[in-house]
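J.: Let me see the structure of the following:
(2 chains)
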There are 2 protein chains.
Amino acid sequence: MNAVGSTAASVPVRGVDGLDAIMRRGGESLRRRMEQIELHLGQVTAQAGTPLASHAATVTAGGKRLRPLLVVLAAESAGGPPETPDGEQRLVRAAVAVELVHSATLVHDDMIDGALLRRGHPTVAAVAGRQMAAATGDLLFSRAFAELARNADVAQLSALSEASSALAEGELLQREDAYAAHVAVERYLRRCELKTAALFEAACRLGALTAADGSPELAAALVPFARRIGLAFQMLDDVLDVSGPVERTGKSRGTDLLDGTVTLPFILAREREPDLAQFDLASLGGPGGPGQAEALCDRIAATCALDEAREQALTVVAEAKATLPAILPDGRSELLSLVADAVVERYR
Amino acid sequence: MNAVGSTAASVPVRGVDGLDAIMRRGGESLRRRMEQIELHLGQVTAQAGTPLASHAATVTAGGKRLRPLLVVLAAESAGGPPETPDGEQRLVRAAVAVELVHSATLVHDDMIDGALLRRGHPTVAAVAGRQMAAATGDLLFSRAFAELARNADVAQLSALSEASSALAEGELLQREDAYAAHVAVERYLRRCELKTAALFEAACRLGALTAADGSPELAAALVPFARRIGLAFQMLDDVLDVSGPVERTGKSRGTDLLDGTVTLPFILAREREPDLAQFDLASLGGPGGPGQAEALCDRIAATCALDEAREQALTVVAEAKATLPAILPDGRSELLSLVADAVVERYR
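T.: As a prediction, this is how the structure comes out:
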């Protein structure tokens, strides 16, 4: 699990049992495609002579490759890539582009948070400083579009640039909402859609668009599924920030709250304990902040808001599965269902 | 000179006499196109309901619009946009996309440098913090590609994504070279090409590609011109950082040196005063740094390196003009020559 280019081809999806199961059941074609994606990701980031090379491992190693997996499954659901000389390459490029955009946001997030570790590796910001991290993120964004441009399909480029805009808008909304203890649940859900679900959605659209009979209809049919599992993914991630345990998340509980970010557990808790709505999140900014944030996490947990938030996320996952078109070929509907389950699995 | 959307349409290119002259001589079509670009830039950044709206003025107000001007002049050199219903719109979108990428890099640069003012306006980082600045820059990048994707031309998207990659690579190289007093002049010039010239080049390519007879040949013919004036622009910008005066640049002398960035004046000075090659730039990191950096600027100036650097840049500008194809229609060659002169003018 070191640099992507050197070892990862043998372990394209890791760390989540459900994803391993998908790889086993997806057959030879899925395994081969995920390997190709891993190799190509390594090539793009480790391109000889570019300064990005030295950060390749830091940038993309160790990811679950959930988004590339969605690209491939969506493509296979739409009949698989065409049997043209570059049919497979086009699919691989689309998947790599999505993962590069995702990686770019992680590098920038770590720069902003001053995070030292990501997926067990030192972050670019930690290794090389904030300036390098800013430029590395920008380069990953640019390479994503350069990579996808090679597919010469404007619909694909639109899908990616819209998602990429949505991610940044989600970040901006979250900053606007900082320290607002009263933020509405609708606003929270909107942020999740922008920040996370939009790229899941783009992954499915891109996959369908690279398929032989990449009908816009099928791409559109997968969008509600993708949006919902993206939403559930973010909701559960936010639960984990409050619930911990530290050994599992690798970070202290309540980092979102410290950052002024109000998420679903807090929103649900304040309905059960109205005093919480008056809580001054900015007061966590002092030296005792981390301890106070953990205490606030305990208060939230005591209201049973975590269970309710988990339940809501599971409902969204169930809805996601229900939207899957029955027409999908060759067990692909089942595999997409398993992806939905894998999103949940981490949080059980 | 407030928000772009409200006032700028009347003053599309400002602050540099040479650019004003170009606007006067470019005729009604040039003036109208630059106005449309300004309006559209305002619409994109001030889009209702998006968080970017509140930073619109901060992000794009007050720019010289040199890159959009190159897009338009290149398009006019190639026969102007086609007389289709969206011919003008396609040109405007290309110009806006280039300026958005440029703005994105400025927002990120200011975030990294902690700069408070840009073009006389408070920076996004100063107004809203680093997190907002990071997300705002990412959003500007994404919007640039989303905007250009509407032109449905893969060659245009490739031109922009390659330039955008180059900008980030230039930043990364500059960081890699930080505090290296011995950096080679070839490496410095390469950085300038990536960091600055690539986007000038993309502007000309995009312009030619949006034209009615947007032949790849003409786009290619303008590239050497664009690359050279971009290079000269950066070289002269680097002279200004050492020469000042403060009243003109709005920042203290030697900020590049404080940042560990070795540029042409230092490189030329160390050839004349070899002791400089031994200078420990990291020593400027202390509290007395700004004063020491100014003293270092004086040492550089005393070697006449500034005059030589200016001369070299002027030679590059002359070369740029010499590469202009004589075949350009209707005085467009002369106007592009004037752009080259305008690049220099700021530094006289």
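J.: and A:V262, helix, strand or coil?
T.: coil (DSSP: H, G, I helix; E, B strand; the rest coil).
J.: you'd agree it is up against A:V185?
T.: No: counting by C-beta atoms under 8 Å, A:V185 is not a contact partner of A:V262; they are 10.0 Å apart. (Glycine included, C-beta is placed from N, CA and C.)
J.: more neighbours, those two?
T.: A:V262 (26 against 12; other C-beta atoms under 10 Å in any protein chain shown).
J.: confidence score at that one?
T.: Model confidence at A:V262, given as pLDDT, is 96.
J.: mind checking how far it is from A:F279?
T.: Shown here: A:V262 relative to A:F279, a distance of 10 Å by C-beta to C-beta, to the nearest Å.
J.: can you list residues touching both of the two?
T.: A:A181 (C-beta atoms under 8 Å, 6 or more residues apart in numbering or on different chains).
J.: how about the helices in the stretch 51-200 of chain A?
T.: Secondary structure of the stretch 51-200 of chain A (DSSP state H, counting those that start in this stretch): helices at A:56-60, A:66-77, A:87-113, A:124-128, A:130-149, A:154-176, A:185-192, A:198-210.
J.: can you put the ones you listed in CSV and add mean pLDDT?
T.: Shown next, in CSV, are those (pLDDT from 0 to 100):
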stretch, mean pLDDT
helix A:56-60, 67
helix A:66-77, 93
helix A:87-113, 93
helix A:124-128, 85
helix A:130-149, 90
helix A:154-176, 91
helix A:185-192, 96
helix A:198-210, 95
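J.: Comparing those, which comes out most buried?
T.: Highest mean neighbour count among the helices of the stretch 51-200 of chain A (mean count of other C-beta atoms under 10 Å in any protein chain shown): helix A:198-210, with a mean of 29.
J.: what's the angle from that helix to helix A:87-113?
T.: Helix A:198-210 and helix A:87-113 meet at an angle of 170 degrees, taking axes from the mean of the first three to the mean of the last three C-alpha atoms, to 10 degrees as the criterion.
J.: And the following helix or strand past helix A:198-210, how far out from the chain middle?
T.: For helix A:198-210, the succeeding helix or strand toward the C-terminus, using DSSP states H and E, is helix A:216-243. A distance of 9 Å separates the centroid of the chain from that of helix A:216-243, by C-alpha atoms, centre = their mean, to the nearest Å.
J.: quick revisit: I'd like the helices of the stretch 51-200 of chain A laid out as CSV, including distance to B:E83.
T.: CSV is the format used below for the helices of the stretch 51-200 of chain A (distance: least, C-beta to C-beta, whole Å):
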stretch, distance to B:E83
helix A:56-60, 46
helix A:66-77, 40
helix A:87-113, 35
helix A:124-128, 49
helix A:130-149, 28
helix A:154-176, 22
helix A:185-192, 42
helix A:198-210, 32
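J.: For those helices, please prepare TSV with the additional fields distance to chain B.
T.: Converted to TSV, the helices of the stretch 51-200 of chain A look like this (distance: least, C-beta to the nearest C-beta, whole Å):
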stretch	distance to chain B
helix A:56-60	12
helix A:66-77	16
helix A:87-113	5
helix A:124-128	7
helix A:130-149	4
helix A:154-176	4
helix A:185-192	11
helix A:198-210	11
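J.: looking at these, which is closest to A:A226?
T.: helix A:198-210 (4.0 Å; C-beta to C-beta).
J.: Counting by contacts, list what that closest one packs against.
T.: helix A:66-77, helix A:87-113, helix A:154-176, helix A:216-243 (3 or more C-beta pairs under 8 Å, 6 or more residues apart in numbering or on different chains; DSSP states H and E).
J.: Alpha carbons of stretch A:199-209, in CSV - could you do that?
T.: Below are the C-alpha coordinates for stretch A:199-209, written out as CSV (Å, rounded to 0.1, in the frame of the first residue of the first chain):
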residue,chain,number,x,y,z
LEU,A,199,-19.3,13.6,-7.9
PHE,A,200,-21.0,10.2,-7.4
GLU,A,201,-23.6,11.4,-9.9
ALA,A,202,-20.9,12.5,-12.4
ALA,A,203,-19.2,9.1,-12.0
CYS,A,204,-22.4,7.3,-13.0
ARG,A,205,-23.1,9.7,-15.9
LEU,A,206,-19.5,9.4,-17.2
GLY,A,207,-19.6,5.7,-17.0
ALA,A,208,-22.8,5.5,-19.0
LEU,A,209,-21.5,8.0,-21.5
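J.: Among the helices of the stretch 51-200 of chain A, which comes closest to B:A97?
T.: Once the helices of the stretch 51-200 of chain A are compared by C-beta to C-beta, helix A:154-176 is nearest, at 10.3 Å.
J.: For B:A293, find the nearest of the helices of the stretch 51-200 of chain A.
T.: Proximity to B:A293 (C-beta to C-beta) singles out helix A:130-149 among these, at 17.8 Å.
J.: what's near enough to touch the residue nearest to A:I22 when sequence neighbours are not counted?
T.: Setting aside the residues directly before and after it, A:I22 is nearest to A:L338 in space (C-beta to C-beta, 6 or more residues apart in numbering or on different chains), at 4.9 Å. Residues in contact with A:L338 (C-beta under 8 Å, 6+ apart) are A:18, A:21-22, A:25.
J.: now with 10 Å?
T.: Contact analysis of A:L338 by C-beta atoms under 10 Å, 6 or more residues apart in numbering or on different chains lists A:18-19, A:21-22, A:25-26, A:73, A:321, A:331, A:345.
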